[in-house]
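A.B. asks: From the sequence below, what's the structure:
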Amino acid sequence: MLYMVVERFKNAPAIYERFRDKGRMMPAGLEYISSWIDHDFKICWQLMQTEDFSLFDQWIANWRDLMDFEIVPVRTSIEVREMMDKKLHAKS
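C.D. replies: Next up is the predicted model:
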């Protein structure tokens with residue numbers, strides 16, 4: 001399952017120092033796909049994937065002192081289009 005993780009930075013330089021020294025510190029089974037960061041270094045949007053939502057708790061424990069998290073389950077636009085097509089055909 002895909003998740004959009006919204007990270008609100010408390011201290012961007014400290015985040016990148018820890019990342020440089022320790023990496024992402026993600027448990028096995030939690031996969032980083034890609035990320036985008038605003039120009040002010042305050043918010044990061046990360047696309048991640050896992051079948052075990054509880055893995056987020058382990059990962060967040062490594063970072064919660066430096067950022068706040070919001071985790072939103074997401075689907076690709078292609079998946080949504082296919083779901084909607086099936087619903088529309090079911091009504092016909």
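
A.B. asks: So for whichever helix in the chain runs longest, mean pLDDT?
C.D. replies: When the chain is parsed with DSSP state H, its longest helix is helix 77-91. Per-region confidence: helix 77-91 scores 89 on mean pLDDT.

A.B. asks: Stretch 12-30 now?
C.D. replies: Mean pLDDT, stretch 12-30: 97.

A.B. asks: For that stretch, buried residues please.
C.D. replies: Within stretch 12-30, the residues scored as buried using 16 or more other C-beta atoms under 10 Å are Ile15, Arg18, Met26, Pro27, Leu30. Where C-beta positions appear, they are placed from N, C-alpha and C, glycine not excepted.

A.B. asks: How far does that stretch stretch from one end to the other?
C.D. replies: Start to finish, the residues bounding stretch 12-30 are 23 Å apart (C-alpha to C-alpha, to the nearest Å).

A.B. asks: now do stretch 69-83
C.D. replies: Stretch 69-83 stretches 29 Å from its first residue to its last (C-alpha to C-alpha).

A.B. asks: What of stretch 24-31?
C.D. replies: Termini of stretch 24-31 sit 10 Å apart (C-alpha to C-alpha).

A.B. asks: go on, stretch 61-71?
C.D. replies: Separation of the first and last residues of stretch 61-71 by C-alpha to C-alpha is 14 Å.

A.B. asks: Can I take it that Ile71 is in a helix?
C.D. replies: No - Ile71 is assigned strand when assessed by DSSP: H, G, I helix; E, B strand; the rest coil, not a helix.
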